[in-house]
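> Need a 3D model of the sequence below.
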Amino acid sequence: MDQEVKEQEKMKFCRHCGAKIPEDAVICTVCGRQVEAVKSEAAQPSVVINNSNTNSNINTNVNAGGRGGNPKNKWVAFLLCLFLGFIGAHKFYEGKVGMGILYLFTMGLFGVGVLVDLIVLLCKPNPYYV
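Numbers count the residues shown, from 1 in each chain. Purely as a prediction, here's the structure:
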């Protein structure tokens, strides 16, 4: 009889259906609904975020007017490429000195670079920006 009394003392009522359920139950064994919040035994770790780039994260527009670089005439660059492309004249005109020297020493990347540049220059708008 003592055991029956102890079992009844360890019981509680479901707040949804009113059935007797064990005291430590989180979910009602009759209706299946959650009776109380889940107790977390492990302490939640505290997360500390040290963000030191608060003011260095500023975006500025360096392209005034929406277009960057210097305007170049498409037809001038095309004629330079057509007649003097093997010595890199069109690259020097665009301000790309390194590529101009490369074209100078390789005869326009063995002619392939000049051919590609002619096609690319025809597809660019006039004026284009470098």
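
> quick one: contacts for K96?
V130 (CB atoms under 8 Å, 6 or more residues apart in numbering). C-beta coordinates here come from the backbone N, C-alpha and C atoms, glycine included.

> start at 558 instead
Right, with 558 as the first residue, what we last looked at is K653.

> So, low pLDDT: which residues of this structure?
Along the chain, segments meeting pLDDT under 70 span 558-566, 596-600, 608-625.

> Strands along that one, start to end?
568-570, 577-579, 628-629, 685-686 (DSSP state E).

> Turn the ones you listed into CSV, columns for distance to A646.
Listed next are these as CSV, based on distance: least, CB to CB, whole Å:
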stretch, distance to A646
strand 568-570, 92
strand 577-579, 91
strand 628-629, 13
strand 685-686, 17
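
> Specify the stretch among the ones you listed that is closest to F662.
strand 628-629 (23.4 Å; CB to CB).

> Sheet partners, orientation included, of that closest one?
Sheet pairing of strand 628-629 (DSSP bridges) gives strand 685-686 (antiparallel).

> any chance of the strands of the chain in TSV, plus mean neighbour count and distance to L636?
Putting the strands of the chain into TSV (neighbours: other CB atoms under 10 Å; distance: least, CB to CB, whole Å) gives the following:
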stretch	mean neighbour count	distance to L636
strand 568-570	13	93
strand 577-579	14	91
strand 628-629	14	12
strand 685-686	14	15
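
> Show me the one of these that comes nearest L659.
Closest approach to L659 among the strands of the chain (CB to CB): strand 628-629, 19.1 Å.

> Now do the helices in this protein.
559-566, 631-641, 646-651, 654-662, 664-667, 669-680 (DSSP state H).

> most tightly surrounded among those helices?
Neighbour counts averaged per stretch over the helices of the chain are highest for helix 646-651, at a mean of 21; criterion: mean count of other CB atoms under 10 Å.

> residues in contact with that one?
The contact list for helix 646-651 (CB under 8 Å, 6+ apart) reads 629, 633-635, 637-638, 640-641, 654, 656-657, 660, 674, 678, 687.

> nearest to C588, of those residues?
Within these, proximity to C588 (CB to CB) peaks at V687, which comes in at 74.6 Å.

> That's all I had, so thanks and see you.
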